[in-house]
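Trainee: Any chance you could fold what I've pasted below:
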Amino acid sequence: MGLKSKQIDSRERAKRAALNALKRARRAAERTGTSFSEWEGEFLGSVEGRVEQYGRAFRDPEKGEAGASLSLRQAVKLREIGAKASGKEKPRGWGRR
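Mentor: Just a heads-up that it's a prediction; the model follows:
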């Protein structure tokens, strides 16, 4: 009879991962001195609020996976904002890297 291991629900794990990604993007911007546009700041704030309140930031199940906290487009935009914040170039497109 040992200690029971705490199993974390996959939705809770996805929620925590999304919140951590949002925080990483904000910290990277603060560290490099990059300022977000008004839209980017509003996007990060609204997505963070919806993930904290509902556990996910989108309603339509066709826009993302069942257990995901961010839709596919939101995840792409978050990666782009994170790249901008860390000073990396935005990918140019399909196959032109």
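
Trainee: Counting by contacts, list what the longest helix seen in the chain packs against.
Mentor: Taking DSSP state H as the assignment, the helix of the chain that covers the most residues is helix 10-32. When contacts are defined as 3 or more CB pairs under 8 Å, 6 or more residues apart in numbering; DSSP states H and E, helix 10-32 sits against helix 38-54, helix 72-86. In short, each C-beta sits where N, CA and C put it, glycine included.

Trainee: from the ones you listed, which stretch is densest packed?
Mentor: helix 72-86 (a mean of 17; mean count of other CB atoms under 10 Å).

Trainee: With mean pLDDT and distance to residue 62 added, can I get the helices and strands packed on helix 10-32 in CSV?
Mentor: Converted to CSV, these look like this (pLDDT from 0 to 100; distance: least, CB to CB, whole Å):
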stretch, mean pLDDT, distance to residue 62
helix 38-54, 93, 17
helix 72-86, 91, 10
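
Trainee: Distance to residue 30 added to those, as a markdown table?
Mentor: What follows is the helices and strands packed on helix 10-32, written out as a markdown table (distance: least, CB to CB, whole Å):
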| stretch | distance to residue 30 |
| --- | --- |
| helix 38-54 | 12 |
| helix 72-86 | 8 |
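
Trainee: Tell me which of these sits nearest to residue 60.
Mentor: Among the helices and strands packed on helix 10-32, the nearest to residue 60 by CB to CB is helix 72-86 (11.0 Å).

Trainee: what's the angle between the closest one and helix 10-32?
Mentor: 30 degrees (axes from the mean of the first three to the mean of the last three CA atoms, to 10 degrees).

Trainee: quick one on the thing from earlier: any idea which of the helices and strands packed on helix 10-32 gets closest to residue 16?
Mentor: helix 38-54 (9.4 Å).

Trainee: Residue 47 contacts residue 23, doesn't it?
Mentor: No: counting by CB atoms under 8 Å, residue 47 does not reach residue 23; the two are 11.7 Å apart.
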